[in-house]
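Undergrad: sequence first, predicted model second:
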Amino acid sequence: MRVPGNTAIIGVARAGGRRAALLSAMFRTILPLVTLLLGVCAFVRADDFWKQKPAAQWSHAEALRLVRHSPWAKVEAVVFLRRENQASYSILTGTYHCDPDTIDANGNCMQKMRVEPPVDSSRQPDGAPRLSPSTAFLVRWESAVPVNQAFQRLEELGERALVAFQAQAPRLPADRYVITVKLDQPGFVGFEPFAVTPAGSPDLRATLKTRRGIVAPLEIEFTGTGTSSSVHFYFPRTLDGAPLLGPGFYTAEFALRGAGFAVHSKFTLDPEFLR
């Protein structure tokens, strides 16, 4: 015997079952994504270790990372500037690293040298470093609290020689922003852009650009010798009476030109960590 309304009840039940199955499938799909996103967020927060734990708890690797690879320290590739028909960069006789077939009658190298930015060898398919020369500078915004804390931590860990090699700025005036540039990868034998000789110091042109404008350093100081040679630029903190860096996150672009080379570095600065 047919009971009235059974068909409608069955239809509703089937629709409800399909809806429940759909919701279950969506839940099974969304839950892993949410878990993954939460995990990524936790990783990002944990990666900013200088925000999560005091400097006294930083490991050797963490302290070194702050002074070499952090928001305030970057390894930048060097751009060699071509001068007329000379090589992009010449040393000694001016034909070193030059193909003999490209040397003209006057002894000038006509070949444009191939300069590549540094490459992490661990990311290459065969893990082998590139054979072509590369040159890079370590550019560091010294006027950041974590950077100074990192150097202090390395000192505590007995790494005085490492601190000297990483070319910590000798002083941090309260009215200056200090940027250090250190030769990180020479690339070419004889490339010593910051070497001070009896004849004088290298001719370097540096600028710091922000939304307020462009400023030149008020002072330049050279430290170290050989592989630890470096230069420190002391920029004013004000421009026309106004702070060079405004409130909130701020972007600053550093540019340096020397004898036949140039380097550029961009910083996004959190005022919470500026000294």
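TA: Right, received. Where do you want to start?

Undergrad: from here on, just use CA atoms for contacts and neighbour counts.
TA: Noted.

Undergrad: how close does G246 get to F267?
TA: Applying CA to CA, to the nearest Å, the value for G246 to F267 is 14 Å.

Undergrad: do the same with L64
TA: Separation of L64 from F267 (CA to CA): 19 Å.

Undergrad: then S70?
TA: In terms of CA to CA, S70 sits 10 Å off from F267.

Undergrad: okay but F261 is in contact with V78, surely?
TA: Yes: shown here, F261 and V78 form a contact pair, counting by CA atoms under 8 Å, at 6.7 Å.

Undergrad: compare the two (neighbour count), which wins?
TA: Neighbours were counted for F261 and for V78 using other CA atoms under 10 Å; V78 has more, 24 against 16.

Undergrad: you'd agree F194 is up against P202?
TA: Yes: shown here, F194 and P202 form a contact pair, counting by CA under 8 Å, at 6.2 Å.

Undergrad: between the two, which has more neighbouring residues?
TA: Remark: of F194 and P202, F194 carries more neighbours, 23 against 16, as counted by other CA under 10 Å.

Undergrad: and the more buried one, what are its phi and psi?
TA: In terms of degrees, to the nearest 10, the main-chain angles of F194 are phi -120, psi 20.

Undergrad: that one and F249: what is the separation?
TA: Here F194 is placed at a distance of 32 Å from F249 (CA to CA).

Undergrad: and for F165?
TA: Distance of F165 to F249, computed by CA to CA: 30 Å.

Undergrad: what about those two, which has more around it?
TA: More crowded of F165 and F249, by other CA under 10 Å: F165, with 16 against 11.

Undergrad: that one against S228, yeah?
TA: Yes: the pair F165 / S228 is scored as a contact, 5.0 Å apart, by CA under 8 Å.

Undergrad: what lies in contact with stretch 136-144?
TA: Here stretch 136-144 makes contact (CA atoms under 8 Å, 6 or more residues apart in numbering) with 67-68, 72-78, 117-118, 148, 168-169, 172, 177-187, 263, 265, 273-275.
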